[in-house]
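K.L.:
Provide a 3D model corresponding to the input given below.
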Amino acid sequence: MRSDVVKKGIPAAPNRSLLYALGYTKEELERPLIGVVCSYNEIVPGHMNLDKIAEAVKAGIRAAGGTPVEFPAIAVCDGIAMGHVGMKYSLVTRDLIADSTEAMAMAHQFDGLVMIPNCDKNVPGLLMAAARVNIPTIFVSGGPMLAGTLNNGRRTCLSHMFEAVGAYYADKLDQAGVEEYENNACPTCGSCSGMYTANSMNCLTEAIGMALAGNGTIPAVYSARLRLAKHAGMKVMELVEKNIRPRDIMTAAAFHNAETIDMALGCSTNTMLHLPAIAHECGIELSFDMANEISDKTPNLCHLAPAGDTYMEDLDRAGGVYAVMAELAKADLLDTSLMTCTGKTVAENLAGVVNRNPEIIRPIDNPYTKTGGIAVLKGNLAPDGCVVKQSAVAPEMMVHEGPARVFNSEEEAIEAIYAGKIVAGDVVVIRYEGPKGGPGMREMLNPTSAIAGMGLDKDVALITDGRFSGATRGASIGHVSPEAASGGTIGLVEEGDLIAIDIPAHTITLKVDEATLAARKAAWVCPEPKIKTGYLARYAKLVSSADKGAVLS
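P.N.:
You can find the predicted model right below:
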């Protein structure tokens, strides 16, 4: 066993004495040591139940003959961090999580790992660590929140809550109305109830083969979630016995499967940051161009919030991620020969799986659209690309041209939006919010929700070198690369410049002649860094462009 280096022989006697100090018995140390990486904390609603998940995982490990050893990983609640300096610290935790988990797993020589994440950066961070350490590993998340219900019976969720704030500032909702959303949008623990980033990544953990069926969709408050956790604890022992490792599962073909399922589900645009970063740890390059190739041939089968009025609990009842995969397999859009954490192939996992609700999961021959949920646009404004969740864009905004309204920070933009200074036809440009310029590449859920809440989501586009929450809808185009702080064209846009967006054609164009742009480029001076000390300053010096996954060099 890998852990023998800290357990066996006279040289390991000091190590054993410290393990005995922890209360482990000789008998427990004769079994495989399984690290249980638990992201429990008391500030993230999606993580408040993870202590219960960890206990269930540990019970499963013991039942299958292993010795569980729990240690923590951090997690940020993007909703609570939204709209202030705290959001600069969200994306950057992905690398802290990966680094610290790698350190713990290598320092203590575990034989296997069970990862227990739930929210946005926690899932990809632990997947990155799994790829680095490359010992038998399985994932089990905390599960999604149930949707809320308003007094009129309408179901609701966090994206509605953010849009309610915009409606308030547009005099479309009073304070009592805001409070009704406040008290009903998030009714249980769990990752927020739509196809936002957390649920997107938990579903893709199934899709890529690193989690058991139901990991992405079984609600946090269901007892089935505890049973799933016990089974994950049991299954990791089988992975240890067979020596099936993350890089055996997370192959190039598996990432292509994941991107295909991403497009069918209508996942968050943040997957276009996280999948390349995880692949990078596996020694695999995922390019932006590949996303369009996959999207162009993959039908969009699901319209969960914010794209529609259905939620994760509905997807679960309809058959979950596996039912979506089964539809895609009918059209030979997946490689079903691949190994997964079940110890079986994708094809074996999908045997007998059925779509239980064709209204929630559209059949492959009756999709919402013939192309996937995400599109990558390129042009002189974004030579290296930018990303839009096209499944959540109104038809009338798929092609749009309008004057630029330019802001050098999220705060400037939101002030103008709330003051009613943005009008139909405008293209809001928010820059110096990228990985390096932010630093930290903040999510722009506040401005996009304000625009939607004011009823302008079918008339106004928003472009940024920052990123968007999975809860964002409308013509919200993020990850513009190169970013402004790296000398990208977005830093040269001036108030009133015309910007043309054509999502079906995958283009985005700043309608300014090359000579004028060259003159602006010659006069451009990079602003002083917003943060000059601490972790964010170090991050800004090391981080790559968004189109490369914002990985650290």
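
K.L.:
now the element after the host helix or strand of Ile477, going C-ward?
P.N.:
Under the criterion of DSSP states H and E, Ile477 resides in strand 476-481. Per DSSP H and E, the first helix or strand lying C-terminal to strand 476-481 is strand 498-502.

K.L.:
mean confidence for that following strand?
P.N.:
Computed over strand 498-502, the mean pLDDT rounds to 98.

K.L.:
repeat for stretch 152-170
P.N.:
pLDDT averaged over stretch 152-170 gives 94.

K.L.:
all strands of the stretch 351-500 of the chain, in order?
P.N.:
If DSSP state E, counting those that start in this stretch is used as the criterion, the strands of the stretch 351-500 of the chain fall at 375-379, 382-388, 399-407, 427-430, 461-464, 476-481, 498-502.

K.L.:
quick one: closest of those strands to Lys436.
P.N.:
Of all the strands of the stretch 351-500 of the chain, strand 476-481 sits nearest to Lys436, with 10.9 Å by Cβ to Cβ. From N, CA and C alone the C-beta is placed, and that goes for glycine too.

K.L.:
compute the inter-axis angle for the closest one and strand 498-502.
P.N.:
100 degrees (axes from the mean of the first three to the mean of the last three Cα atoms, to 10 degrees).

K.L.:
can you tell me the strand partners of strand 476-481 and which way each runs?
P.N.:
strand 382-388 (antiparallel), strand 461-464 (parallel) (DSSP bridges).

K.L.:
now the longest one: buried residues?
P.N.:
By 16 or more other Cβ atoms under 10 Å, the buried positions in strand 382-388 come out as 382, 384-388.

K.L.:
okay if I get the residues you listed as TSV plus distance to Glu495 and pLDDT?
P.N.:
Supplementary listing: these in TSV, determined by distance: Cβ to Cβ, whole Å; pLDDT from 0 to 100:
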residue	distance to Glu495	pLDDT
Ala382	19	98
Asp384	24	97
Gly385	25	97
Cys386	20	97
Val387	25	97
Val388	23	96
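
K.L.:
tell me the one of those nearest Ile61?
P.N.:
Val387 (38.7 Å).

K.L.:
hmm, back to that, nearest to Cys189, of the strands of the stretch 351-500 of the chain?
P.N.:
Short answer: strand 476-481, nearest of the strands of the stretch 351-500 of the chain by Cβ to Cβ, at 28.0 Å.

K.L.:
which other residues reach that closest one?
P.N.:
Contact with strand 476-481 is made by 269, 272-273, 377, 381-389, 431, 434, 444, 448, 461-468, 488, 490, 501, 508, 545-547, as judged by Cβ atoms under 8 Å, 6 or more residues apart in numbering.

K.L.:
what angle do that strand and strand 375-379 make?
P.N.:
Using the same axes, to 10 degrees, strand 476-481 lies at 60 degrees relative to strand 375-379.

K.L.:
kindly export strand 476-481 (C-alpha atoms) in CSV.
P.N.:
C-alpha atoms of strand 476-481 as CSV (Å, rounded to 0.1, in the frame of the first residue of the first chain):
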residue,chain,number,x,y,z
SER,A,476,-23.9,38.4,-21.3
ILE,A,477,-20.5,37.8,-22.9
GLY,A,478,-17.5,37.2,-20.7
HIS,A,479,-13.9,35.9,-20.6
VAL,A,480,-12.9,38.5,-23.3
SER,A,481,-9.4,37.5,-24.2
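
K.L.:
what are the ranges of the strands in the stretch 101-250 of the chain?
P.N.:
Under DSSP E, counting those that start in this stretch, the stretch 101-250 of the chain gives strands at 112-116, 137-139, 148-149, 155-156.
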